[in-house]
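give the three-dimensional model of this entry:
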Amino acid sequence: MASNDPTDTGGLFVGRRPGTRPVRFPTLPEDSPGRRRRADKVLAAFLLVVEFLLCMSIWGPQPAFALWFGSHVQYWSGGSVTLGIVAAFAMMLATLFTTLAIARRVDHAWKLVRRAAGYRQERGALERIFVGALIVVGGAYLFYFFIIQGPGSSTFSPQAPK
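Residues are numbered from 1 along each chain as shown. So this is what the prediction gives:
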């Protein structure tokens with residue numbers, strides 16, 4: 001008797017759509033020598049650091065570079081603010097999409113290296129790293145804003161008239 005479970009039929013009650021078969025990962029590879037396994041673990045950690053740095057660059061250096069580029073476009077165009085804003089926005093989108101494409105490839109390589117190291121790695125870490133980078137950069141900004149720079153006092157403001 002055919003199963004009508006949507007997880008078995010790809011969401012349909014009759015048969016299965018092509019390409020919707022559940023993913024089955026192969027068995028873990030045979031135990032490799034300890035030195036090679038350690039090298040795979042070190043390479044996986046390095047790939048995670050690269051991925052983290054890529055995600056952190058999305059929240060700081062890339063927007064700053066796009067604003068710098070937009071200001072130069074404004075200067076080159078003879079003072080057209082609109083053209084500078086459009087150029088900065090286009091640069092921001094281009095660098096964001098390029099960085100995410102590179103980070104996705106690094107994440108895929110990380111999964112392959114983890115599997116080679118003997119771990120049953122089925123999912124990547126890109127989503128968690130992206131959120132972790134946001135938390136680190138956001139926390140650093142809040143620390144700078146509230147502790148180092150400080151919003152200031154309206155009672156004892158250095159700009160207040162004397």
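
only C-alpha atoms for contact and neighbour calcs from this point on.
Noted.

got the residue ranges for the helices in this structure?
6-9, 34-58, 61-76, 81-116, 126-143 (DSSP state H).

run through the protein and note the low-pLDDT ranges.
1-20, 23, 25-33, 152-162 (pLDDT under 70).

now tabulate the helices of the chain in JSON lines and tack on distance to residue 151 and mean neighbour count.
Converted to JSON lines, the helices of the chain look like this (distance: least, Cα to Cα, whole Å; neighbours: other Cα atoms under 10 Å):
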{"stretch": "helix 6-9", "distance to residue 151": "54", "mean neighbour count": "15"}
{"stretch": "helix 34-58", "distance to residue 151": "25", "mean neighbour count": "17"}
{"stretch": "helix 61-76", "distance to residue 151": "22", "mean neighbour count": "17"}
{"stretch": "helix 81-116", "distance to residue 151": "28", "mean neighbour count": "18"}
{"stretch": "helix 126-143", "distance to residue 151": "11", "mean neighbour count": "15"}
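
could I get those as TSV with distance to residue 150?
Shown next, in TSV, are those (distance: least, Cα to Cα, whole Å):
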stretch	distance to residue 150
helix 6-9	54
helix 34-58	24
helix 61-76	22
helix 81-116	29
helix 126-143	9
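
and these: which comes nearest residue 24?
helix 6-9 (13.2 Å; Cα to Cα).
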